[in-house]
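1. Quick one, structure for this:
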Amino acid sequence: MVTYFLENYSTVQMPRKGSHPLWVKIQVCVSNVLDHDSISFPRTVTEGKANILRYTMSSVVLLNQSWNDHRLQWNETEYPYSTISVPWNSVWTPAFNIREVHMVEWKDLYPHVKIHSNGWLQYYLPMRIDSNCNFELFHYPEDVTECFLSFFSMLENDRELAFNVSVDNEIENVKHEYLVRKVNIQASRGKANPGFIMTLQIKHTPVKTVLSWIAPSFAVSVADMVGFLLPILDNERISFKVTLLLAYMVFHSSLVEALPGASSCNPLLIYLFNSTLLLLFISMIETLIVTRLANEDLLLWMRWRLRDKTCSRVHSVFPGIWFSSDCHSDPPTRKLSGKEG
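-> Sure, this is the predicted structure:
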């Protein structure tokens, strides 16, 4: 039976009837976004005020295609089969190009086409698509990105082929860094080549970033603020501040390498980490100055100087007033140790 039907069948001829275009019904199902490539050198573009970074996105897409081929009809009373299955290259199938793609991997290397007795064909094609996508990374890790997959046919025009497209919203999200929130699809109208555009709204999951990067930075900042409880004179506070600064510098270098970005596209987190590093540096300088003042008895000298200035001004205004001996005491002097003597 299959040999009889396909003996004189032409796989390059589209099964059209008259001058009307052949309508192909396509239902798209997106299972998940597997990965995004941040290893290769990204290309940055600017759209308005948003910094955009181009990455490679890997996604799994199932195309459920169906159309009618009047050449493949039979009478079930003559051939007692309601459906038959043939290899995909045995019949005519729609051929697509994807504008944003640079690699397509068929999950089924030998897909089959199911043919019904009324000439209705069903073709299930699962694919892994590696495509280019422009990620808006300024608000990373709370970024929401829209990626596009533009399917179009180069062999037929809009008078020969038309698409009736829909999408399956039941997205199977596995535990990955990016999750597919919504999928929209619409047919291309008014273009020479028929096709459809699929829009994937992808959201980054910030849990890993918050626990790995933001929480340690916050903990270091809190530890620096409570460092004033340490005593000053025995240099414990200086050692603590220097240790915090050096440890965060090592942590900061690993953060800058791990964060996605380029010279013209930096996430907002980089400014947070740089500000934390600057505050730690200022805190260490402040601790050095305070410790120096405390060890050199400069605070006592400044207190004596302030008291002497106050007595002099009061004496100039009220020359007849009597002052205690504290206003005429000598400035405090530092006691020299045996080595300094």
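2. Please count neighbours and contacts with C-alpha atoms only from this point.
-> Will do.
3. ok, now how distant is residue 148 from residue 59?
-> Separation of residue 148 from residue 59 (Cα to Cα, to the nearest Å): 11 Å.
4. repeat for residue 252
-> Applying Cα to Cα, the value for residue 252 to residue 59 is 32 Å.
5. and what of residue 138?
-> For residue 138, the distance to residue 59 - Cα to Cα - is 23 Å.
6. Residue 142 now?
-> 21 Å.
7. what about the two, which has more around it?
-> Neighbour totals were compared for residue 142 and residue 59, and residue 59 leads with 20 against 14 (other Cα atoms under 10 Å).
8. any idea where the strands of the protein begin and end?
-> 22-37, 44-47, 50-68, 83-87, 97-98, 101-106, 112-116, 120-136, 144-152, 161-168, 178-187, 195-204 (DSSP state E).
9. can I get those strands in CSV with distance to residue 12?
-> Formatted as CSV, the strands of the chain follow (distance: least, Cα to Cα, whole Å):
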stretch, distance to residue 12
strand 22-37, 14
strand 44-47, 41
strand 50-68, 15
strand 83-87, 15
strand 97-98, 17
strand 101-106, 22
strand 112-116, 16
strand 120-136, 16
strand 144-152, 18
strand 161-168, 14
strand 178-187, 24
strand 195-204, 19
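10. Which one of those lies nearest to residue 229?
-> strand 195-204 (40.0 Å; Cα to Cα).
11. so what's residue 97 up against?
-> Contact partners of residue 97, counting by Cα atoms under 8 Å, 6 or more residues apart in numbering, are 151-154.
12. for those residues, which one is nearest residue 270?
-> For those, the nearest to residue 270 is residue 151 (37.1 Å; Cα to Cα).
13. which residues does the closest one bridge with?
-> The partner list for residue 151 in beta bridges (DSSP bridges) reads residue 98, residue 196.
14. which phi and psi does the residue nearest to residue 118 when sequence neighbours are not counted have?
-> Closest residue to residue 118 apart from its sequence neighbours, by Cα to Cα, 6 or more residues apart in numbering: residue 73 at 5.1 Å. Main-chain dihedrals, residue 73, degrees, to the nearest 10: phi -110, psi 150.
15. what's the spacing between residue 73 and residue 251?
-> Residue 73 is 69 Å from residue 251, by Cα to Cα.
16. What of residue 56?
-> Separation of residue 56 from residue 251 (Cα to Cα) stands at 28 Å.
17. Output the lowest mean pLDDT helix or strand found in the chain.
-> strand 44-47 (a mean of 41; mean pLDDT, DSSP states H and E).
18. hmm, who's touching stretch 125-133?
-> Contact partners of stretch 125-133, identified using Cα under 8 Å, 6+ apart, comprise 54-65, 100-108, 111, 146-149.
19. Mind pulling up the pLDDT for residue 316?
-> You'll see residue 316 listed with a pLDDT of 66.
20. All further residue positions should be reported with the first residue as 50.
-> Sounds good: first residue 50 from here, last item residue 365.
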